[in-house]
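S.K.: fold the following for me, if possible:
(one chain, ligands or ions: 1)
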Amino acid sequence: MRKTAPAWPCPTPPSEPEPNPKTVTQQDHPTPYHLDTLAVRAAVDKSQYGENSESLYLTSSFTQPDCETAARRFAGEEEGYIYSRFTNPTVASMEKRLAALEGTEACIGTSSGMSAILLLCMGLLKAGDHVVCSQSVFGSTLKLIGSEFGKFGVESSFVSQTDVAEWKAAIKPNTKLLFAETPTNPLTDVCDIRALADLAHNAGALLAVDNCFCTPALQQPVKYGADIVIHSGTKYLDGQGRVIAGALCATEKLIAEKFIPVMRSAGMSLSPFNAWVVLKGMETLGIRMEAQSARALALAQWLESHPKISRVYYPGLKSHAQHELAMAQQSGMGGAVVSFDVKASNPDDARQRAFHVIDSTQLLSVTANLGDVKTIITHPASTSHGRLTEAQRQAAGIQQNLIRVAVGLEHLDDVKADLSRGLDTLK
Ligand SMILES: Cc1ncc(COP(=O)(O)O)c(C=O)c1O
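M.R.: Okay, here's the model as predicted:
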């Protein structure tokens with residue numbers, strides 16, 4: 001008696017999914033869809049129930065109709081979902097939507113931004129290979145490429161983010177990968193993606209760009225020749241600080257040949273729930289990035305004129321060393337991260353003065369994340385970049401008096417008032 005009829009009226013679902021003409025892809029449309037449209041409409045794979053909001057397939061495995069079909073699916077001879085370590089419809093929807101936004105053929109979701117970089121390195125590198133990486137990338141990226149992959153015989157060179165000649169000089173016959181992040185965390189240095197892509201390709205190497213700060217709403221690295229785009233979905237793609245997630249976008253060939261086999265064996269998989277949160281988060285990406293960038297520019301301009309601040313780092317400011325490049329590469333917007341140095345008379349009180357400004361806030365969130373609609377304030381030298389040696393921190397230009405603000409969606413007057421509490425009471 002397992003199949004008793006339900007005791008309440010319940011429509012019998014159609015056995016076949018309803019036709020779904022409203023899933024859009026760039027390829028099947030005569031004129032390119034705009035990013036805002038793709039963010040909402042790409043990859044809506046409806047089930048037979050015809051739900052309007054994307055469904056969440058929270059399941060670890062998928063039942064198979066019979067052993068022969070299962071054998072073909074496990075062997076990759078037939079399409080079909082098998083096991084959520086490497087195949088899940090919700091994760092696939094998130095991947096298709098992000099690929100549509102980045103303008104890449106394919107995408108693979110990962111459990112975090114760092115596991116996307118782990119997958120990148122595991123997929124492309126072996127002992128004896130060499131990586132050239134900006135010395136200003138996120139602290140854990142420096143550690144992963146320099147120290148962890150160093151243990152397995154992968155060589156690395158760390159170079160100036162902005163000096164193309166230094167990148168060129170670092171390339172060796174065994175260089176397989178150039179890795180950049182633009183703008184960088186936390187100093188917002190901008191590199192010339194086109195110039196680095198040309199260098200990489202002339203050397204027979206690939207260029208990977210961490211696009212976490214800009215997102216495809218502002219910058220599509222493949223347009224400038226990058227081969228692979230890395231994301232921490234934890235940041236602006238989710239946009240509300242709810243989940244840890246990551247992704248790697250590239251050609252179908254690279255994903256199929258280099259990255260899916262590693263994912264299947266190593267399992268740095270994105271959970272379906274987190275994929276669903278990011279999938280829904282991307283629907284508001286364009287409007288959030290625009291609004292948060294506008295607030296960040298206004299905040300940066302205010303900070304630049306503040307008597308207690310010696311320097312502001314923000315690509316949207318004319319004073320930023322790569323302002324013109326950033327405006328050309330980032331759709332005319334600076335992004336939503338602003339960093340600044342609090343004036344300090346000597347290195348010893350630099351940290352205390354930065355701590356005073358941060359600890360005086362009552363509204364901003366004191367945490368190390370970014371990309372949230374809640375404005376976040378961070379002391380990079382003791383948190384996100386705290387595990388670096390002093391020499392690595394100096395090379396990255398991160399001093400003890402540096403503060404990073406990841407601007408959210410609060411009213412700017414309230415953010416300024418909160419920062420003024422500490423800035424105005426500095427001795
Ligand atoms: C630029 C950048 N890339 C990658 C990461 C790592 O992302 P996750 O925390 O999702 O592993 C971060 C985290 O702050 C980041 O700022």
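S.K.: check contacts around the closest residue to residue 223 other than its chain neighbours.
M.R.: Leaving aside its sequence neighbours, residue 223 sits nearest to residue 103 (C-beta to C-beta, 6 or more residues apart in numbering; 6.6 Å). All C-beta spots, glycine's among them, are computed from the backbone N, C-alpha and C. Shown in contact with residue 103 (C-beta atoms under 8 Å, 6 or more residues apart in numbering): 26, 216, 220, 222, 223.
S.K.: out of these, which is nearest to the ligand?
M.R.: Nearest to the ligand out of these is residue 216 (C-beta to the nearest ligand atom; 14.7 Å).
S.K.: name the helix or strand for that closest one, please.
M.R.: Taking DSSP states H and E as the definition, one finds residue 216 inside helix 215-218.
S.K.: quick one: average confidence on that helix?
M.R.: Taken as a whole, helix 215-218 has an average pLDDT of 98.
S.K.: for that helix, packing partners?
M.R.: With contacts defined as 3 or more C-beta pairs under 8 Å, 6 or more residues apart in numbering; DSSP states H and E, the packing partners of helix 215-218 are helix 35-41, helix 89-102, helix 285-304.
S.K.: export those as a markdown table, with columns for distance to the ligand.
M.R.: Shown next, in a markdown table, are those (distance: least, C-beta to the nearest ligand atom, whole Å):
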| stretch | distance to the ligand |
| --- | --- |
| helix 35-41 | 20 |
| helix 89-102 | 14 |
| helix 285-304 | 15 |
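S.K.: quick one, which of these is nearest to residue 257?
M.R.: helix 89-102 (16.5 Å; C-beta to C-beta).
S.K.: sheet partners, orientation included, of the helix or strand following the closest one?
M.R.: Downstream of helix 89-102, the next assigned helix or strand under DSSP H and E is strand 106-110. Paired with strand 106-110 in the same sheet, following DSSP bridges, are strand 246-250 (antiparallel).
S.K.: just say which of the helices and strands packed on helix 215-218 is most tucked in.
M.R.: Most buried of the helices and strands packed on helix 215-218 by mean neighbour count (mean count of other C-beta atoms under 10 Å) is helix 89-102; its value is a mean of 25.
S.K.: that helix: how far from the chain's middle?
M.R.: On the basis of C-alpha atoms, centre = their mean, to the nearest Å, helix 89-102 sits 14 Å off its chain's mean C-alpha point.
S.K.: cool, and stretch 253-263?
M.R.: The chain centroid and the centroid of stretch 253-263 are separated by 19 Å under C-alpha atoms, centre = their mean.
S.K.: buried stuff in that stretch?
M.R.: Of all the residues in stretch 253-263, those buried under the rule 16 or more other C-beta atoms under 10 Å are 254, 255, 258, 259, 260, 262, 263.
S.K.: show me what it is in contact with.
M.R.: With C-beta under 8 Å, 6+ apart as the criterion, stretch 253-263 contacts 85-86, 105-108, 110, 119-120, 122-124, 227-228, 248, 250, 269.
S.K.: do that again at 10 Å, thanks
M.R.: For stretch 253-263, contacts defined as C-beta atoms under 10 Å, 6 or more residues apart in numbering pick out 76, 85-87, 95, 99, 104-110, 115-116, 118-124, 206, 227-228, 248-251, 268-270.
S.K.: list the contacts for the residue in the stretch 51-200 of the chain positioned nearest to the ligand?
M.R.: Proximity of the stretch 51-200 of the chain to the ligand (C-beta to the nearest ligand atom) peaks at residue 113, 2.4 Å away. By C-beta under 10 Å, 6+ apart, the contact set of residue 113 is 138, 140-141, 210, 212, 230-235, 237, 244-248.
S.K.: how about TSV for the helices and strands packed on helix 215-218, with mean pLDDT added?
M.R.: Putting the helices and strands packed on helix 215-218 into TSV (pLDDT from 0 to 100) gives the following:
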stretch	mean pLDDT
helix 35-41	94
helix 89-102	97
helix 285-304	98
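S.K.: for residue 376, which of these is the nearest?
M.R.: Between residue 376 and the helices and strands packed on helix 215-218, the shortest gap by C-beta to C-beta is with helix 285-304, which sits at 11.4 Å.
S.K.: any idea of the mean pLDDT in stretch 172-179?
M.R.: Throughout stretch 172-179, pLDDT has a mean value of 98.
S.K.: quick one: buried residues of that stretch?
M.R.: Neighbour counts over stretch 172-179 (16+ other C-beta under 10 Å) mark 175, 176, 177, 178, 179 as buried.
S.K.: in space, what's closest to residue 139 - neighbours in sequence excluded?
M.R.: Spatial nearest neighbour of residue 139, chain neighbours left out: residue 385 (4.3 Å); criterion: C-beta to C-beta, 6+ apart.
S.K.: my read: the one you found touches residue 339, true?
M.R.: No. Residue 385 lies out of contact with residue 339 (C-beta atoms under 10 Å); the separation is 11.6 Å.
S.K.: what touches both of the two?
M.R.: The contact lists of residue 385 and residue 339 share 185, 186, 378, 398, 402, 404, where a contact means C-beta under 10 Å, 6+ apart.
S.K.: and those near the ligand, which?
M.R.: The overlap between the shared contacts of residue 385 and residue 339 and the neighbours of the ligand (C-beta under 6 Å from any ligand atom) comes to residue 185.
S.K.: as TSV, the shared contacts of residue 385 and residue 339 with neighbour count would be great.
M.R.: As requested, the shared contacts of residue 385 and residue 339 are exported to TSV (neighbours: other C-beta atoms under 10 Å):
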residue	neighbour count
185	28
186	31
378	26
398	23
402	24
404	25
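S.K.: for the buried residues of stretch 253-263, which one is nearest residue 48?
M.R.: Nearest member of the buried residues of stretch 253-263 to residue 48, counting by C-beta to C-beta, is residue 260, at 27.7 Å.
S.K.: sticking with the closest one, tell me its helix or strand.
M.R.: Assessed by DSSP H and E, residue 260 sits inside helix 260-266.
S.K.: okay, the next helix-or-strand element following that helix in PDB with CA atoms only?
M.R.: Sequence order places helix 272-281 as the next helix or strand after helix 260-266, per DSSP H and E. As requested, the backbone C-alpha atoms of helix 272-281 are provided in PDB (Å, rounded to 0.1, in the frame of the first residue of the first chain):
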ATOM      1  CA  PRO A 272      22.800  23.100  -4.900                       C
ATOM      2  CA  PHE A 273      21.400  25.300  -2.100                       C
ATOM      3  CA  ASN A 274      24.300  27.800  -2.400                       C
ATOM      4  CA  ALA A 275      24.000  27.600  -6.200                       C
ATOM      5  CA  TRP A 276      20.300  28.500  -6.000                       C
ATOM      6  CA  VAL A 277      21.100  31.500  -3.700                       C
ATOM      7  CA  VAL A 278      23.700  32.800  -6.200                       C
ATOM      8  CA  LEU A 279      21.400  32.100  -9.200                       C
ATOM      9  CA  LYS A 280      18.700  34.300  -7.600                       C
ATOM     10  CA  GLY A 281      21.300  36.900  -6.400                       C
END
